[in-house]
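In: Here you go, sequence then predicted model.
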Amino acid sequence: MSEENITRIHLNGKEYILIGTAHVSKNSAEQVKEVIEAEQPDSVCIELDQGRYQSIKDGNKWKDMDIFKVIKERKATLLLMNLAISSFQNRMAKQFDIKAGQEMIQGIESAKEVGAELVLADRNIQITFSRIWRGIGFKGKAMLLSQVIAGIFSDETITEEELEKMKKQDTIDAILNDFTETFPQLKVPLIDERDQYLSQKIKEAPGEKIVAVLGAAHVPGIKEEIKKEHDLKKLTELPPKSKAPKIIGWTIPFVVLAIIAFTFISNPEAGVQQTMSWILWHGCLSALGAAIALGHPLAVVTAFLVAPITSLNPLLAAGWFAGFVQAYFRRPSVRDFENLTEDVFTVKGFWRNKVTRILLIIVLANIGSSLGTFIGGADVIRLFIDNFR
């Protein structure tokens, strides 16, 4: 049995066998099968959380998704990011004629075959994304979203050699590689915290011999973290939301309205100009976002009408309303949900599938409205200054 990519740790009378894998590699899946059969472990830990495990087990039963619930719970951006990352992984898997995450599937099957207990050792991916999302600020969010969406448009192919190099990276980290260089603090929730979480779950796995199937990026960290005790509850807590975005979110509309009101008192004509500028910049840019996503005409009109209003209330977003209208008039069919895993392979598929089109409408309409706040707000201030010269 080849010991390449295998790390053995003896600690407190237990043996831990860590297999560092690439998430889209035939060799990794074969090695997982070989190691588990040879070692006959008491437990097999896999780098999956309950949600991702259920998706594999149920064959990605997207048809059970309620798109209206996704919009109401403000999870459209998160879902779009998940699908984009899935697209990146699946494109590589398709290129090499293998199944994405095959090594995890093999771990599940082999654990069952040898009678080992299966342990889902990874932290919930939504918690990881939430901890990332809350720690990078507005600029970071915009860059992260653009990086992920850029991944949708990428049609690059990679060599087998480059694929093997990916064993040094986490799947998510691979698509966000450039972004992590810009925001090094991203490494904490993406890699470091998950190393701690994974190591604690592996350490708590029952039995004296444990095999862990992991993305190779986590192996060096886990070798160190497994020697320490970690609080799983603390690692799954969502950090408190920063008050700054809320303060800014309420301050901008308050200041804009105050400027417009003051201008109206001294020069009603200039006040009308300011109001129209605010309405048109928001409405046009938000509607443009919905139109780029090929939204239903009424969804585009909705984005135009609600953006100037929702921009004055940080608790609302134009994209949600446009998304609801799109979902009402172009309700996704069961086939759209079932085709998600195939459609996210291509840019055309993202726009063709009714589910991903709704998500794109929500995200792009919101981006347009956000741009409208900065451009429209700047124009309101310009007109205010011009009026009092």
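Out: Cool, the structure landed.
In: Just give me the neighbour total for residue 234.
Out: 10 (other CB atoms under 10 Å). C-beta coordinates here come from the backbone N, C-alpha and C atoms, glycine included.
In: what about it, distance to residue 70?
Out: 29 Å (CB to CB, to the nearest Å).
In: least trustworthy helix or strand in this structure by mean pLDDT?
Out: helix 171-175 (a mean of 53; mean pLDDT, DSSP states H and E).
In: Now do the helices in the stretch 201-350 of the chain.
Out: For the stretch 201-350 of the chain, helices defined by DSSP state H, counting those that start in this stretch occupy the ranges 219-225, 232-235, 243-266, 268-292, 297-310, 318-329, 334-338, 340-343, 347-352.
In: tell me what the fifth one is packed against?
Out: Judged by 3 or more CB pairs under 8 Å, 6 or more residues apart in numbering; DSSP states H and E, the packing partners of helix 297-310 are helix 268-292, helix 318-329, helix 354-387.
In: which residues touch the shortest one?
Out: Where contact means CB atoms under 8 Å, 6 or more residues apart in numbering, the residues beyond helix 318-329 that reach it are 67-68, 71, 74, 76, 282, 286, 289-290, 295-296, 298-300, 302-303, 306-307, 310-311, 357-359, 361-366, 368-369.
In: For ChimeraX, write the select line for the buried members of those.
Out: Restricted to buried positions by 16 or more other CB atoms under 10 Å, the ChimeraX selection for those reads:
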select :67,71,76,282,286,289,290,295,296,299,300,302,303,306,307,310,311,357,358,359,361,362,363,364,365,366,368,369
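In: which ones are touching the closest residue to residue 229 other than its chain neighbours?
Out: Of all residues not flanking residue 229 in the chain, residue 200 sits nearest, at 7.4 Å (CB to CB, 6 or more residues apart in numbering). Residues near residue 200 by CB under 8 Å, 6+ apart: 225, 229-230, 232, 235.
In: Pull out the buried members of these.
Out: 225, 230, 235.
In: Let me know the pLDDT of the closest residue to residue 291 other than its chain neighbours.
Out: In space, and not counting its chain neighbours, residue 291 is closest to residue 300: 5.1 Å by CB to CB, 6+ apart. We note a pLDDT of 97 for residue 300 in this prediction.
In: wait, doesn't residue 300 sit right on residue 292?
Out: No - using CB atoms under 8 Å, residue 300 is not in contact with residue 292, being 9.8 Å away.
In: Save the contacts of residue 200 as TSV, and put in pLDDT too.
Out: Formatted as TSV, the contacts of residue 200 follow (pLDDT from 0 to 100):
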residue	pLDDT
225	95
229	95
230	96
232	94
235	92
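In: Now do stretch 111-124, average pLDDT.
Out: The average of the pLDDT scores along stretch 111-124 is 95.
In: So if we follow the domain assignment, how does this structure break up?
Out: Domain assignment for the chain by automatic domain parsing gives 6-235, 243-387.
In: The last one: end-to-end distance?
Out: Distance between the boundary residues of domain 243-387 (CA to CA, to the nearest Å) amounts to 34 Å.
In: what's the answer for stretch 335-342, then?
Out: Start-to-end span of stretch 335-342 (CA to CA) is 11 Å.
In: can you check stretch 117-133 too?
Out: Stretch 117-133 stretches 34 Å from its first residue to its last (CA to CA).
In: Would you indicate which residues of that stretch are buried?
Out: 118-123, 125-129, 131-133.
In: quick one: residue 234 and residue 31, what's the gap?
Out: Residue 234 sits 34 Å away from residue 31, going by CB to CB.
In: Now distance to residue 196 too, for the helices and strands packed on helix 297-310, in a markdown table please.
Out: A markdown table is the format used below for those (distance: least, CB to CB, whole Å):
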| stretch | distance to residue 196 |
| --- | --- |
| helix 268-292 | 39 |
| helix 318-329 | 35 |
| helix 354-387 | 32 |
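In: looking at these, which is buried most?
Out: Ranked by mean neighbour count, those are led by helix 318-329 with a mean of 25 (mean count of other CB atoms under 10 Å).
In: between the helices of the stretch 201-350 of the chain, which one is nearest to residue 40?
Out: helix 219-225 (21.8 Å; CB to CB).
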